[in-house]
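# Here is a sequence with its predicted model. Questions after.
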Amino acid sequence: MVALCSSVTRNWQTLLEFARTLPPDDGDTTATTTTIATPPPQRLRQHHTRLTPAQKDEVITLYQQGVPVREICQRYGISRQQVSDLRNARGIPRRPCGLSDEQKHQAEQHYLAGRSCAAIGRQFGVHAETVRRYLRTTGVALRARPGAA
């Protein structure tokens, strides 16, 4: 508290010293005032990591191998948009979202055999919640999650 008060006092004293250097206010309102022109605020640009051509090739290869975009982004320090832009520039179609019909059938079999949604998700390159949501829609009785009350 003392440090805060002394800081405020110092700032106040500095302001008073500055005010003493200003010309006296004689009440004349015809005098022109000078304003400092400030430039318009610039839109903050997000820093984009520039990839070498070899890195771009690696990103595309990983994408085509089915590596999750989130993992690619973390590995190369790039945004999801950059991955999408690279994919579009090379004419590569988007990967289908979720699980294929065959994967859904396999996921159900694996779950009934005792595997976790997380393990199944890793196997098929989807989030565990995607697997859990599918199993719930098919009427599979879901086991309690570890650590859930």
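Noted; the coordinates are in hand.

# Where do the strands of this structure begin and end?
For the chain, strands defined by DSSP state E do not occur.

# per-domain residue ranges of it.
Domains of the chain are assigned by automatic domain parsing as 53-89, 101-138.

# list the contacts for Tyr134?
98-99, 104, 107-108 (CB atoms under 8 Å, 6 or more residues apart in numbering). All C-beta spots, glycine's among them, are computed from the backbone N, C-alpha and C.

# now with 10 Å?
By CB atoms under 10 Å, 6 or more residues apart in numbering, the contact set of Tyr134 is 98-99, 103-104, 107-108, 111, 117, 120, 126, 140.

# now those residues in TSV, with neighbour count?
TSV is the format used below for the contacts of Tyr134 (neighbours: other CB atoms under 10 Å):
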residue	neighbour count
Gly98	14
Leu99	20
Gln103	18
Lys104	17
Ala107	25
Glu108	16
Tyr111	22
Cys117	23
Ile120	24
Val126	21
Val140	14
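
# Which ones among these map onto helices?
103-104, 107-108, 111, 117, 120 (DSSP state H).

# shouldn't Ile78 be in contact with Glu58?
No - taking CB atoms under 10 Å as the definition, Ile78 is not a contact partner of Glu58, at 11.4 Å.

# Name the residue in the two with the higher neighbour count.
Ile78 (21 against 15; other CB atoms under 10 Å).

# quick one: contacts for that one?
For Ile78, the contact set (CB under 10 Å, 6+ apart) comprises 48-51, 55-56, 59, 69, 72, 85-86.

# Show me how to select, in ChimeraX, the buried members of those.
Selection of buried members from the contacts of Ile78 for ChimeraX, criterion 16 or more other CB atoms under 10 Å:
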select :51,56,59,69,72,86
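
# quick revisit: which neighbours do Ile78 and Glu58 share?
Shared contacts of Ile78 and Glu58, counting by CB under 10 Å, 6+ apart, come down to 51, 72.

# So, low pLDDT: which residues of this structure?
1-9, 12, 26-47, 148-149 (pLDDT under 70).

# in it, which residue is closest to the centre?
With distances taken as CA atoms, centre = their mean, the residue of the chain nearest its centroid is Ser79 (7.6 Å).

# ok, the nearest residue to it once chain neighbours are set aside - contacts?
Closest residue to Ser79 apart from its sequence neighbours, by CB to CB, 6 or more residues apart in numbering: Cys73 at 6.4 Å. Cys73 makes contacts with 49, 59, 79-83, as judged by CB under 10 Å, 6+ apart.
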